[in-house]
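Student: what follows is a predicted protein model with its sequence.
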Amino acid sequence: MNRRIQLLSIIFLGISSAAFSQIKEEKLILNKKREPEVKKIEKKKTSVETIKNYPPEEKSQNPVQYKITDVPAVSDFKTSTIQGQDVTPKFEGSVQNNYIQFGMGNYGKILGDANVSKTLENKIEVGADVHFLSTQGLKKEYPWDSKQSSTTLGAFLNSYGDKGKFNLNAEYGLNSYNYYGIYALEPVDVDLDQRVNQFKVNGYYDFYSNEILNDIRVKSSFLKDHFDAQENQVSVLANLSKHAVEIGKSGINLNADLGVGLEAVKSEFAIVDKNSSNFVNIGLAPEVTFRKGESYLMLGSSFSFLNSKNTNSLMAEQLKANKTYWFPKAEFQVAAGDAFKFYGGVDGGLKLNTYADLLQQNPFIVSDQYLKPTETKYHFYAGLRGDIDETFKYDFSAGYGKMRDIMFFKANSLFDNNYTLNRAAYNYANTFSTVYDDGNVSDVKGSLQYFPLANLILDAEVKFTKFDLKNYENIYNVPLFNATIGAKYTMLDQKLLLGFKGLFASDRTTNSFVLEGVGSPLMYQPTEDTNDKVGGYADLNLSAEYKVHKNFSIFALGNNLLSSKYQTYKGYKVLGAQILGGVKITF
């Protein structure tokens, strides 16, 4: 492995030297104003085009936010169960949207991708998307199976009409993996299998103008896992608006928005305590914005009407509740030019914690969760952002908020203390459950992008988040510090694309268990450590793609190149240094 890393380092240094020699000859060419997103609010995988074919001034405002989503600074880093991030290279601005991609690497890694689309008459586009990734896992680290695979099959339809555009997409996903993070016991040949099936259907209609009805979104999800957990979710969101209303001759424009949303979630679990929950949430979010140039003042609020039902095998009767919530919402921005824009405000909201969302954050949770919504009563924030000479964009802010039912993950002990290794896959002190606590949150975050050359992009994000909880001394499995740095560089007349991404996180506090056999007959006696630590990590990733022909490329990916087998959660190590190579055919 050391020889591989040394060889990789030599190759990368050679590429880097060629790249920097190329930099000296490049000239900065800006044919149009760059408008990259600095603050990533929410990253979605969608087939809808990001450039709309209507006057941009008519829809220059952000749509009404229906709920508050606290997205970490490394929002585009989804830690895999046993690997770091795959940084698949992509050529921006390519007119060849159809491609087939295949690659293989160490740890038995296999990657397959395909995307096919066709534009029909009447501006209708149809297409399909396929993704597959598998690995044999850490065979030298664990005596039991740690392999995994993920498969996604999708189809989409885009239609561009005279008044708006319509998108419909359907997606099936299968994630197959193992509860391999056993640290307190020493089984040898055990079945640790977990499989999650999820089917999604989403529809979206966006009107070109902001006359009354702005857009409508319909989302649905159907989930089932290996242990017969089931969850159905549907949401309907509509944004009503009236924009660009001039107020006299003051030069101030008025924008009025009203968000209306309905979300329903039903979750049922079949093991352990057999929890079930049913939530119906109706949301209203009115707001008005007074804008003059780049300065504005937004005033609004949001309301949630929640009907909730919870039950499990430990409850004598079903727990029902109907509650109305009100949240403040306001924001201002004072612009002293493009380079300096001071802003601040307050917001809040209600977030339904679903089993599907929890699996995205931690796939190793047990298939039985007590679900509660998280309430952000208020969150004040202030910051400074700007664009300097269209080459440097930045956004720095700090905030403080009060929350109820903050959700985080606590490690489970054994679900029974029988002295035996013949157990269910989730019964080796290797799973996690949600816990909730009230408290305050303080955060400081920043992001920046730098464009020194027309073909070089540098970016970085950092976030500090501190929780002060009411009942727990420390929040579990949440780092104090997250950061990411990245770079993209194209050279050799756009034939070679190089990419880099570094991911960093601080230590996390967690609870853990030591198991001892006591008594007659023997029983396991668990001892809990409430102040255990999971180490931080630095995960470095490189990518390269060379276009041999306009329809044929070769690529190489290097993940976790420091070969640090850090843990995402207690007991769950990721893969070491990974090298994957492959070919890509575009048409």
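Tutor: Received the coordinates, thanks.
Student: quick one: the helices in this structure?
Tutor: For the chain, applying DSSP state H gives helices covering 2-25, 355-361.
Student: and the shortest one, what does it pack against?
Tutor: Just to be clear, that refers to helix 355-361. Here helix 355-361 touches strand 212-225, strand 230-247, going by 3 or more Cβ pairs under 8 Å, 6 or more residues apart in numbering; DSSP states H and E. The way it works is simple: take the backbone N, C-alpha and C, and place the C-beta from them, glycine included.
Student: how far off strand 212-225 does the longest one point, in degrees?
Tutor: Here strand 230-247 runs at 160 degrees with respect to strand 212-225, directions being taken by axes from the mean of the first three to the mean of the last three Cα atoms, to 10 degrees.
Student: so for strand 230-247, what gets flagged as buried?
Tutor: Glu231, Gln233, Ser235, Leu237, Ala238, Asn239, Leu240, Ser241, His243 (16 or more other Cβ atoms under 10 Å).
Student: what's the mean pLDDT across that strand?
Tutor: The average pLDDT within strand 230-247 is 95.
Student: which regions of this structure sit below the pLDDT cut-off?
Tutor: By pLDDT under 70, the weakly predicted segments of the chain are 1-96.
Student: picking up where we left off before, and which of the buried residues of strand 230-247 is nearest to Arg423?
Tutor: Glu231 (25.2 Å; Cβ to Cβ).
Student: run through the bridge partners of the closest one.
Tutor: Glu231 has the following beta-bridge partners by DSSP bridges: Leu223, Ser267.
Student: what sits against it?
Tutor: With contact taken as Cβ atoms under 8 Å, 6 or more residues apart in numbering, Glu231 is in contact with Ser221, Phe222, Leu223, Lys224, Val265, Lys266, Ser267, Glu268, Thr354, Tyr355, Ala356.
Student: the fifth one: neighbouring residues, count only.
Tutor: One way to gauge burial is a neighbour count; for Val265, by other Cβ atoms under 10 Å, it gives 24.
Student: ok, it to Tyr355 distance?
Tutor: Separation of Val265 from Tyr355 (Cβ to Cβ, to the nearest Å) stands at 9 Å.
Student: could you give the bridge partners of the spatially closest residue to Asn551 that is not a sequence neighbour?
Tutor: Sequence neighbours aside, Thr586 is the residue nearest to Asn551 in space, at 5.4 Å (criterion: Cβ to Cβ, 6 or more residues apart in numbering). On the basis of DSSP bridges, Thr586 is bridged to Tyr99.
Student: tell me if I'm right that Thr586 and Asp113 touch.
Tutor: No. Taking contacts as Cβ atoms under 8 Å, Thr586 lies outside contact range of Asp113: 11.5 Å.
Student: what sits in contact with each of these two?
Tutor: Joint contacts of Thr586 and Asp113 (Cβ under 8 Å, 6+ apart) are Tyr99.
Student: quick one on the thing from earlier: redo the helices and strands packed on helix 355-361 as CSV? Include distance to Leu542.
Tutor: Putting these into CSV (distance: least, Cβ to Cβ, whole Å) gives the following:
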stretch, distance to Leu542
strand 212-225, 35
strand 230-247, 38
